[in-house]
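> Have a look; sequence and predicted model below, questions after that.
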Amino acid sequence: MKSHQIILLTLSLVLGQTALAGKSLTIAAAADLRFALDEILDLYRPQHPDAAIEVIYGSSGKMTTQILNGAPYDLFFSADIAFPERLHREGFAVTEPSVYAIGRIVIWSKRQDASNMRLDDLMQPAIRRVAIAQPAHAPYGLRAREALQAGGLWDDIQPKLVFGENIAHAAQMVESEAADVGIIALSLARFPPLAAHGYSVIDDALHEPLTQGYVVTRHGSDNTLARDFARYMMQAEARAVMKRYGFELPANE
Amino acid sequence: MIELSPSDWVAIRLTLKLGLYTTGILLAIGTPLAWWLASGRSPLRTAVQSIVALPLVLPPTVLGFYLLLLLGPRGWIGGSLEAIGLTHLAFTFTGILIASVIYSMPFAVQPLFQAFTALGRRHVEVAASLGAGPIDRFFTVILPLTRGGFIIAATLSFAHTLGEFGAILMIGGSIPGRTKVLSVLIYDHAEAMNYTAAHQLSLLLLAFAFLVLFIVYAVNRRFDTVRP
């Protein structure tokens, strides 16, 4: 390659990146929303064809740390409202934390039919690896731990546990069959390719509720699209998708 | 066979941009640094050489963690930038560029250091005695005689930047078009259980990594020793 070609290539790379203008919206979302929110955004994007809308998935705890460290997210959909509440307390959110869904945890497996499995069944010797999300910063992992503790299994199941970085990662561990069973989000188990294998919902008396809340962050305070999308999440079209993925929804205001 | 989505292309462009910038900056910083390191022995030189080589043994997460603390809004550098009305560097392209430069530094400095050590000082001293200035000496004497070292330094820095993951994930988050490079996108595709997309990009990187190493070894043979 001649030197002027290299310069041209470099220039095109630099200029190409800055050409992005117009309205934009960056959403941070809990990993349990991965399939549901993607579907909702497919419905929403055509209504705002000029806007660049991006969504980044991860564990709610990690997202919160990133927002506290200045991540440029406009809107944050957490799997546990405690995280948006913390952001609000510390001045990193400009709206009151508001509930958008209640999640559930399920037992799911690809190697066997999990539709009749109970927590006790996880102790069977044939099940060698059980995937959950990291309880320290992933709400679905924390609820899985609570359920295992309430069932009196937490200590005994330790040698079998493998931890996903977030709940989608835990589900992927089971999907790849690296783990035999997983305790994952109902919203992920309802994703059609995964739902084919069957799941059983864990009794929600065994854990604190997965009250999922959102806020507009300080970074998104002037972003009209952020508030518009937050409203859209409460409308029938979006609610229908959320319902299909197994979320319980708050009464419409 | 390989069908890349628009978001794949965004990540490819971003990754190439990061690689080019990192390589450019590393050659600019690495050349004088390697020259100084090669021009004698002293405890200070040994200390600097060890610092440059640190990324070889440190987990990338350690680097990413400290950079996040340093460059974020509450950090020493990020905080100072905010104080003078600029924005901090966490979750920005500049942030991951700084991480890449530090992370790939040994891959630029080490080959240059070896080339300069093998070259010795005699040619340069002769050129100086004949009246060549420092810039003239670099372009007419040093560069042609050590071009093998430069090619290896550039290819390895570029390739190593493409393979970076942990540090970029920590300092950059995973923001499309800004910090979501190929390695992070592959991780994201796998997590979304989109194995086809993950396969395609992985295969692309695998082929590229082979190509780079092939170039490095071919160059190594050709410029085995510094020619007098």
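Now that the structure is in, tell me what you want to look at.

> Can you list the buried residues in the longest helix along chain B?
When chain B is scanned for its longest helix (criterion: DSSP state H), the result is helix B:6-38. Residues of helix B:6-38 classed as buried: B:7-8, B:10-12, B:14-23, B:25-26, B:30-31, B:33-35, B:37-38 (neighbour count, 16 or more other C-beta atoms under 10 Å in any protein chain shown). Quick note: C-beta positions are derived from backbone N, CA and C, even for glycine.

> Equivalent analysis for stretch B:64-76, please.
In terms of neighbour count (16+ other C-beta under 10 Å), stretch B:64-76 has its buried residues at B:64, B:66, B:67, B:68, B:69, B:70, B:71, B:72, B:73, B:75.

> what's the answer for stretch B:36-45, then?
Neighbour-count burial for stretch B:36-45, counted by 16+ other C-beta under 10 Å, picks out B:37, B:38.

> End to end on it, go ahead and measure it.
With C-alpha to C-alpha, to the nearest Å applied, stretch B:36-45 spans 8 Å between its terminal residues.

> contacts for it?
Stretch B:36-45 is contacted from outside by B:48, B:49, B:109, B:113, B:116, B:117, B:121, using C-beta atoms under 8 Å, 6 or more residues apart in numbering or on different chains.

> just checking, which of those residues belong to strands?
Applying DSSP state E to those, no entry is found in strands.

> will you turn these into TSV that also has pLDDT and neighbour count?
As requested, the contacts of stretch B:36-45 are exported to TSV (pLDDT from 0 to 100; neighbours: other C-beta atoms under 10 Å in any protein chain shown):
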residue	pLDDT	neighbour count
B:48	96	15
B:49	95	16
B:109	97	24
B:113	96	22
B:116	95	23
B:117	94	14
B:121	87	12
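
> Out of those residues, which is nearest to chain A?
residue B:109 (22.4 Å; C-beta to the nearest C-beta).

> Can you tell me how far the closest one is from residue A:117?
56 Å (C-beta to C-beta, to the nearest Å).

> now the helices for chain B?
For chain B, applying DSSP H gives helices covering B:6-38, B:43-57, B:60-71, B:76-83, B:93-119, B:122-129, B:134-137, B:143-145, B:147-162, B:166-172, B:182-191, B:195-222.

> Give me the distance between the fifth one and the centre of its chain.
If I follow you right, that is helix B:93-119. Distance of helix B:93-119 from its chain centroid, counting by C-alpha atoms, centre = their mean, to the nearest Å, is 5 Å.

> Next: the first one.
In terms of C-alpha atoms, centre = their mean, the centre of helix B:6-38 is found 5 Å from the chain centre.

> now the last one
Between the mean C-alpha location of helix B:195-222 and the chain-wide mean there is a distance of 16 Å, by C-alpha atoms, centre = their mean.

> any low-confidence regions in chain B?
B:1, B:223-228 (pLDDT under 70).

> That one against chain A: which residues are in contact?
Applying C-beta under 8 Å from any C-beta of the partner chain, one finds that chain B approaches chain A through B:13-14, B:16-17, B:20, B:68, B:72-74, B:78, B:87-88, B:90-91, B:93, B:173-177, B:188, B:190-193.

> who touches the most centrally placed residue in chain A in this structure?
Centre of chain A computed as the mean C-alpha position; nearest residue by C-alpha atoms, centre = their mean is residue A:31, 2.0 Å away. In this structure, residue A:31 makes contact with A:57-59, A:79, A:133, A:138, A:140, A:166-169, A:185, B:191, judged by C-beta under 8 Å, 6+ apart.

> at 6 Å instead, please
Residue A:31 sits next to A:57, A:166, A:167, A:168 when contact means C-beta atoms under 6 Å, 6 or more residues apart in numbering or on different chains.

> Ok, residue B:30 next?
The neighbours of residue B:30, taking C-beta under 6 Å, 6+ apart as the test, are B:108, B:109, B:112.

> Tabulate those residues (a markdown table), appending distance to residue B:210.
Shown next, in a markdown table, are these (distance: C-beta to C-beta, whole Å):
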| residue | distance to residue B:210 |
| --- | --- |
| B:108 | 21 |
| B:109 | 24 |
| B:112 | 24 |
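
> helix, strand or coil for residue A:27?
With DSSP: H, G, I helix; E, B strand; the rest coil as the basis, residue A:27 sits in strand.

> picking up where we left off before, and the contacts of residue A:31, which is closest to residue A:250?
Of all these, residue A:250 sits closest to residue A:167, with 20.9 Å by C-beta to C-beta.

> ok so, going back, winner for burial among the helices of chain B?
Neighbour counts averaged per stretch over those are highest for helix B:166-172, at a mean of 26; criterion: mean count of other C-beta atoms under 10 Å in any protein chain shown.

> Remind me what that one packs against, helices and strands.
helix B:60-71, helix B:93-119 (3 or more C-beta pairs under 6 Å, 6 or more residues apart in numbering or on different chains; DSSP states H and E).

> Just the endpoints, please. Distance across stretch A:159-173?
Criterion C-alpha to C-alpha; first-to-last residue distance in stretch A:159-173 is 16 Å.

> Let me see the contact set for residue B:172.
By C-beta under 6 Å, 6+ apart, residue B:172 lies in contact with B:96, B:179.

> list the contacts for residue B:139?
By C-beta under 6 Å, 6+ apart, no residues touch residue B:139.

> Strands of the stretch 51-200 of chain A, residue ranges please.
Residue ranges of the strands in the stretch 51-200 of chain A, as given by DSSP state E, counting those that start in this stretch, are A:52-58, A:75-77, A:98-103, A:105-109, A:130-133, A:161-164, A:181-185, A:199-201.

> Quick one: closest of those strands to residue B:203.
It is, among the strands of the stretch 51-200 of chain A and with distance given as C-beta to C-beta, strand A:52-58, at 24.0 Å.

> pull the CA atoms of the closest one into PDB?
Extracted in PDB, the C-alpha atoms of strand A:52-58 (Å, rounded to 0.1, in the frame of the first residue of the first chain):
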ATOM      1  CA  ALA A  52     -29.500   6.500  16.400                       C
ATOM      2  CA  ILE A  53     -30.700   4.300  19.200                       C
ATOM      3  CA  GLU A  54     -28.300   2.000  20.900                       C
ATOM      4  CA  VAL A  55     -28.700  -0.500  23.800                       C
ATOM      5  CA  ILE A  56     -26.000  -2.000  25.900                       C
ATOM      6  CA  TYR A  57     -26.800  -5.000  28.100                       C
ATOM      7  CA  GLY A  58     -25.100  -6.100  31.200                       C
END
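
> neighbouring strands for that strand, and are they parallel or not?
strand A:24-30 (parallel) (DSSP bridges).

> Give me the angle between the strand it pairs with and strand A:181-185.
Relative orientation of strand A:24-30 versus strand A:181-185 (axes from the mean of the first three to the mean of the last three C-alpha atoms, to 10 degrees): 130 degrees.

> now what about strand A:24-30, what contacts it?
In this structure, residues lying in contact with strand A:24-30 by C-beta under 6 Å, 6+ apart are A:37, A:52-57, A:60, A:63, A:72-79, A:225-226.

> so which of the contacts of residue A:31 would you say is closest to chain B?
Using C-beta to the nearest C-beta, residue A:168 is the member of these that sits closest to chain B, with 5.0 Å.
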